[in-house]
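Novice: Sequence and computational prediction follow.
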Amino acid sequence: MKDQSILVCGGGIAGMACALGLARKAFDVQILAPDVQRPPPETDTYHPRVYAISAASQRFLSEQGIWDLMEQRRLTEVTAMELYGDGGGTLQLEAWQDARDTLTWIVESGEIERALRQALKVYGVTWHDDHFADREADTVITKNGRRLKADLLIGADGGRSKVREQAGIAHQLKAYGDSGLVAHLNAEVAHQGVAMQWFTGDSVLALLPLPDTAEGPQVSMVWSASDEQAAEIMGVEHAMQAEQLSRQLQAITGGRLGKLKLRSTLHAFPLTLEKTAMVSAGVALVSDAAHRVHPLAGQGLNLGLGDVAELIQVLVAKPKHVGVGELRILEQYRRARAEPIAAMSFATDALHRLFKVQAVPVVWARNVGMSVLNKVPFLKRQLIANAAGISPRDRH
């Protein structure tokens, strides 16, 4: 496999995981991305972005030797979920309802990145501290003029992918007119490993459990609000922002976790639904470069790691005489990922649109539907399995 060179463009979680997985399978792989050195995490200071890692993603990270490299005290097991509609509807999912110990794990982006960097050094993967600029046949040209051979170029360079643009891979984008607001909060009441989500009609609020700090219980907030509402919150100075946020969260949650107090910087980012053709001759896209979905289900990174796992599997299984960049091989990857990506895109988009409708009959129906679903064990088991990324053939 050393006679075929692979270049991963992107130094985020998906890019590093892809490079590591390929290196472990003895492929000649290198990374092209700015080399950002992150300091070790400080006690009680948590990376602003956290992810809900599904059982399927946890298994993949374990197979790559990453899971055990992370500080276990900074990982939080989610054993239950509570969902609240905008008209009294409720849905409760608990791991034991599908004979599981854990629904998902909440993990900091920085902790996954730290572990991946450590593993990449062990495997001696070369990291080019530079930017992608252009591509000519099987050669990538960097911003600083270096020329790197790449029989396969993997675009893991995010939603504004330069690789995707240069390769001319079709890309569709739908802006939701909403922004994601993320921050960590102090809570008065212990979360007890429960993830919570409120559908308010004009926004979706998720509170994800994190390890306690010296100040007490802590949760991570992911709040999908209108661009106007987000701009209003982001446009005031910190003290007023913290007071305003605390008041609004109290109203939405009804004090489920007591008073919520901002303990970190508040960040905002636009929400979009995006899809692409994913491949062209010599090029494959993964994660945000290939697709983006609404974050209300927390499945963005899980989809991305699913891409990585499938691409590695396809490249390992290809005939030895076939090049890693041949389109017929890359099409196998695209076809394998088409169904799970389309299903998640449809589900999150439909759920978002459903809870945007404020017509009284629709509000009544969706809340009654949640409450009815809450009483059907079989359907709840299906929801739990879907959240875990478990296919029917993988079930017990």
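Specialist: Thanks, I have it. Because the structure is a prediction, the values reported are computed rather than measured. Residues are numbered from 1 along each chain as shown.

Novice: Tell me, how many residues neighbour residue 339?
Specialist: Using other CB atoms under 10 Å, the number of residues around residue 339 comes to 9. All C-beta atoms are positioned from the backbone trio N, CA, C, and that covers glycine.

Novice: Pull the distance from stretch 48-66 to the chain's centre.
Specialist: Computed by CA atoms, centre = their mean, to the nearest Å, the chain-centroid distance of stretch 48-66 equals 10 Å.

Novice: Buried ones in it, by neighbour count?
Specialist: 50-61, 64, 66 (16 or more other CB atoms under 10 Å).

Novice: and if you look at stretch 200-207?
Specialist: For stretch 200-207, by 16+ other CB under 10 Å, it's 200, 203, 204, 205, 206, 207.

Novice: so where's the chain uncertain?
Specialist: 1-2, 297, 352-376, 378-396 (pLDDT under 70).

Novice: let's go with 50 and repeat that
Specialist: 392-396 (pLDDT under 50).

Novice: on contacts alone, who are the packing partners of the helix ranked longest in it?
Specialist: Assignment by DSSP state H gives helix 327-356 as the longest helix of the chain. Helices and strands touching helix 327-356, by 3 or more CB pairs under 8 Å, 6 or more residues apart in numbering; DSSP states H and E, are strand 267-276, strand 279-280, strand 283-285, helix 300-317, helix 360-373.

Novice: show me where the stretch 1-150 of the chain has helices.
Specialist: Using DSSP state H, counting those that start in this stretch, the helices of the stretch 1-150 of the chain run over 13-24, 55-63, 109-122.

Novice: got the buried residues for stretch 172-192?
Specialist: Quick answer for stretch 172-192 (16+ other CB under 10 Å): 176, 178, 179, 180, 181, 182, 183, 184, 185, 186, 187, 191.

Novice: quick one: contacts for the nearest residue to the third one once chain neighbours are set aside?
Specialist: Pointing back at residue 179 there. Excluding the flanking residues, the one nearest residue 179 by CB to CB, 6 or more residues apart in numbering is residue 230, at 3.7 Å. By CB atoms under 8 Å, 6 or more residues apart in numbering, the contact set of residue 230 is 178, 179, 181, 268.

Novice: switch to 6 Å and redo it
Specialist: 179, 181, 268 (CB atoms under 6 Å, 6 or more residues apart in numbering).

Novice: So what does the nearest residue to residue 138 once chain neighbours are set aside have for phi and psi?
Specialist: Setting aside the residues directly before and after it, residue 138 is nearest to residue 151 in space (CB to CB, 6+ apart), at 5.4 Å. Backbone torsions of residue 151, given as degrees, to the nearest 10, read phi -70, psi -30.

Novice: neighbours around residue 151, how many?
Specialist: Neighbours of residue 151 using other CB under 10 Å come to 17.

Novice: Is it in contact with residue 326, as I believe?
Specialist: No - under the criterion of CB atoms under 6 Å, residue 151 makes no contact with residue 326, lying 9.1 Å away.

Novice: Dump the contacts of residue 230 to TSV, plus distance to residue 71.
Specialist: As requested, the contacts of residue 230 are exported to TSV (distance: CB to CB, whole Å):
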residue	distance to residue 71
179	31
181	27
268	28
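
Novice: Of those residues, just say which sits nearest to residue 169.
Specialist: residue 179 (26.5 Å; CB to CB).

Novice: who's in contact with that closest one?
Specialist: Neighbouring residues of residue 179 by CB under 6 Å, 6+ apart: 227, 230, 268, 270.

Novice: where's residue 314 relative to residue 307, distance?
Specialist: Residue 314 sits 11 Å away from residue 307, going by CB to CB, to the nearest Å.

Novice: Those two: which has the busier surroundings?
Specialist: Higher neighbour count among residue 314 and residue 307: residue 307, with 30 against 20, using other CB under 10 Å.

Novice: Alright, that wraps it up for me.
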